[in-house]
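Asks: structure for this input, please:
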Amino acid sequence: MLTPQNIKQTIAGKGVDEQLEAIAVMWEEVATDADRALLAAEKGKILWKAGRRGEAISAYEAGAQLDPGGAADLLLSHSRSIMDFFNPDLLNP
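Replies: Below you'll find the predicted structure:
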């Protein structure tokens, strides 16, 4: 079974594209939805850090469908809250 630590060790020290490729390879090797949900959450984190917000949210949604209530579901909720944030004071300084 995969753990977040195993995934992080595998992608450590790699660029964004290399990390995403490593996630794709691991995706093909795992069989359970729980493991795939972890991989989707990690893929979303990588994409979010790279500024690819839409792709990150899509990855979180995929993970949340595989494991409702899991890490990807929480990350999806947080990312939606961030994207929905509105501060009218910032519009009229």
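Asks: point out where this structure drops to low pLDDT.
Replies: Scanning the chain for pLDDT under 70 picks out the ranges 92-93.
Asks: can you tell me which helix in it is longest?
Replies: helix 33-49 (DSSP state H).
Asks: could you point out which element follows it?
Replies: The C-terminal neighbour of helix 33-49 among helices and strands, as given by DSSP states H and E, is helix 53-66.
Asks: and that next one, what does it pack against?
Replies: Applying 3 or more C-beta pairs under 8 Å, 6 or more residues apart in numbering; DSSP states H and E, one finds that helix 53-66 makes contact with helix 33-49, helix 71-84. Quick note: C-beta positions are derived from backbone N, CA and C, even for glycine.
Asks: in the protein, which residue is closest to the centre?
Replies: residue 44 (2.0 Å; C-alpha atoms, centre = their mean).
Asks: now that one: closest residue in space, sequence neighbours ignored.
Replies: Leaving aside its chain neighbours, residue 44 sits nearest to residue 59 (3.7 Å; criterion: C-beta to C-beta, 6 or more residues apart in numbering).
Asks: ok, now residue 61?
Replies: Of all residues beyond its chain neighbours, the one nearest residue 61 is residue 76 (6.0 Å), with distances taken as C-beta to C-beta, 6+ apart.
Asks: neighbouring contacts of the helix or strand containing residue 26?
Replies: In the assignment (DSSP H and E), residue 26 maps to helix 16-29. The contact list for helix 16-29 (C-beta atoms under 8 Å, 6 or more residues apart in numbering) reads 2, 7, 10-11, 14, 36, 39, 42-43, 46-47, 49-50.
Asks: could you redo the last one with a cut-off of 6 Å?
Replies: Taking contacts as C-beta atoms under 6 Å, 6 or more residues apart in numbering, the residues outside helix 16-29 that touch it are 10-11, 39, 43, 46, 50.
Asks: I'd like those residues as TSV, with neighbour count and distance to residue 25 appended.
Replies: Output for the contacts of helix 16-29, formatted as TSV (neighbours: other C-beta atoms under 10 Å; distance: C-beta to C-beta, whole Å):
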residue	neighbour count	distance to residue 25
10	15	9
11	20	11
39	24	10
43	27	12
46	21	14
50	15	19
